[in-house]
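J.: Sequence and predicted model, in that order:
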Amino acid sequence: MKILLTGFEPFGNLDSNSSWEVTSKIACHYFEEHTVCVEQLPVSFNRAGDVLSKAIQTHRPDFVLMLGQSGGAEKIKLERVALNMMDAKKADNDGFMPSELPIDKDGENAYFTNAPLKEILEEIEKEEIPSIISNSCGLYVCNCTYYKALSYCIDKGIKCLFVHLPYYDGQNGIPEGKAMLDLNIMVKAIEIIIKTI
Ligand code: PCA
């Protein structure tokens, strides 16, 4: 099985993104019978979908596993749904700040993941790693990219899942008092997901 693993570049006023830190620690390698390829996505409503679809065409994965940072989250969030809506409180890395705009004006209102969420959650919980199924991916760049990914992948029979990660312990510049998780624990959770699928 071939897996495409993606993480996002830094955004806002931070110089790192927990999703990219985890992605790059896993990097292109073999997990027994799985090959994992990685790709970095821009924090751009307009560009991330194209970078992702090019990566899918290049790598031809059976599974697209996307990671993003959810600053302030206390747990690893397995995202069930992507909504056809963009609404930002802060501009993306291109300076674009949409307000209640559809991602695809002729598209479905929402897409659900075609990955086995509960099975994955069970496997992560066996290792006592804080995790949860989330029913909202937000309305920022992660949701937008997940929506485009699901719309493409469901049609082609490719499995696709988005996972939001908290800040990591020791991350530079994160607001005081916010929850964080050890980077190696997040890497372990993603490795469990890869082994489960
Ligand atoms: N998190 C943002 C965009 C990039 C990222 O890592 C989000 O949740 O939309």
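T.: Perfect, I can see it now. Numbers count the residues shown, from 1 in each chain.
J.: Excluding residues flanking it in the chain, which one is nearest the residue most central in space within the chain?
T.: In the chain, the residue lying closest to the centroid (CA atoms, centre = their mean) is residue 67, at 2.5 Å. Distances taken as CB to CB, 6 or more residues apart in numbering put residue 19 closest to residue 67, at 3.8 Å, once the chain neighbours are dropped. Bear in mind the C-beta positions are built from the backbone N, C-alpha and C, glycine included.
J.: check which helix or strand covers that neighbour.
T.: Assigned by DSSP states H and E, residue 19 belongs to helix 18-26.
J.: ok, is that helix in contact with the ligand or not?
T.: Yes: against the ligand, helix 18-26 shows contacts by CB under 6 Å from any ligand atom at residue 19.
J.: Looks to me like the residue nearest to the centre of the chain is in a helix.
T.: No: with DSSP: H, G, I helix; E, B strand; the rest coil as the criterion, residue 67 is strand rather than part of a helix.
J.: what's near enough to touch it?
T.: 5-8, 19-20, 22-23, 162-165, 190 (CB atoms under 8 Å, 6 or more residues apart in numbering).
J.: what would those look like in CSV with pLDDT?
T.: Converted to CSV, these look like this (pLDDT from 0 to 100):
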residue, pLDDT
5, 97
6, 98
7, 98
8, 98
19, 98
20, 98
22, 97
23, 96
162, 99
163, 99
164, 98
165, 98
190, 97
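J.: Right, I'll leave it there.
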